[in-house]
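Enquirer: okay, predicted coordinates and the sequence, questions at the end:
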Amino acid sequence: MNLREEAERRVDAKIKFQENLYKYLIVNTIIAIICLVFLQSFWLLAFVMFFWGIEIADDYFKAYPLSDYREKMINRELSKMGD
């Protein structure tokens with residue numbers, strides 16, 4: 001896989017995560033209002049937030065892998081040691 005294809009794959013994963021997160025926030029806000037006004041119970045909201053939240057977490061770790069975070073931390077430490 002060349003660098004351009006890898007970059008496109010990473011960008012697509014980040015866009016998918018961001019879109020899914022925005023939808024999650026909007027839909028759960030609407031469900032919270034419905035639960036507050038009509039149901040006086042938040043069991044539906046908790047159910048949706050939990051299971052959809054698992055998918056959001058999965059998308060996050062696909063978009064921002066821990067190996068990238070580790071590399072950033074290593075580079076930060078190396079730059080501190082060089083100062």
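Expert: The structure has been received and is ready for your questions.

Enquirer: so which strand or helix has the spatially most central residue of the chain?
Expert: Note on the chain: the residue nearest the mean C-alpha position is Tyr60, at 3.5 Å, using Cα atoms, centre = their mean. Assigned by DSSP states H and E, Tyr60 belongs to helix 43-63.

Enquirer: from the rest of the structure, what touches that helix?
Expert: 10, 13-14, 16-17, 20-21, 24, 27-28, 31-32, 34-35 (Cβ atoms under 8 Å, 6 or more residues apart in numbering). In short, each C-beta sits where N, CA and C put it, glycine included.

Enquirer: ok so, going back, distance check, the residue nearest to the centre of the chain against Leu44.
Expert: Taking Cβ to Cβ, to the nearest Å as the criterion, Tyr60 is separated from Leu44 by 24 Å.

Enquirer: what's the average pLDDT for the one helix or strand Lys80 maps to?
Expert: Using DSSP H and E, Lys80 falls within helix 66-82. What helix 66-82 shows for mean pLDDT is 83.

Enquirer: just stretch 25-45 next, same as before
Expert: If you average the pLDDT over stretch 25-45, you get 90.

Enquirer: check the offset of it from the chain's centre.
Expert: Its chain's C-alpha centre and that of stretch 25-45 lie 21 Å apart, by Cα atoms, centre = their mean, to the nearest Å.

Enquirer: end-to-end on that stretch?
Expert: End-to-end distance of stretch 25-45 (Cα to Cα, to the nearest Å): 12 Å.

Enquirer: in that stretch, which residues are buried?
Expert: The neighbour-count check on stretch 25-45 (16 or more other Cβ atoms under 10 Å) flags 28, 31, 35, 45 as buried.

Enquirer: what is the nearest of the residues you listed to Asp68?
Expert: Asn28 (27.8 Å; Cβ to Cβ).

Enquirer: right, I'll leave it there.
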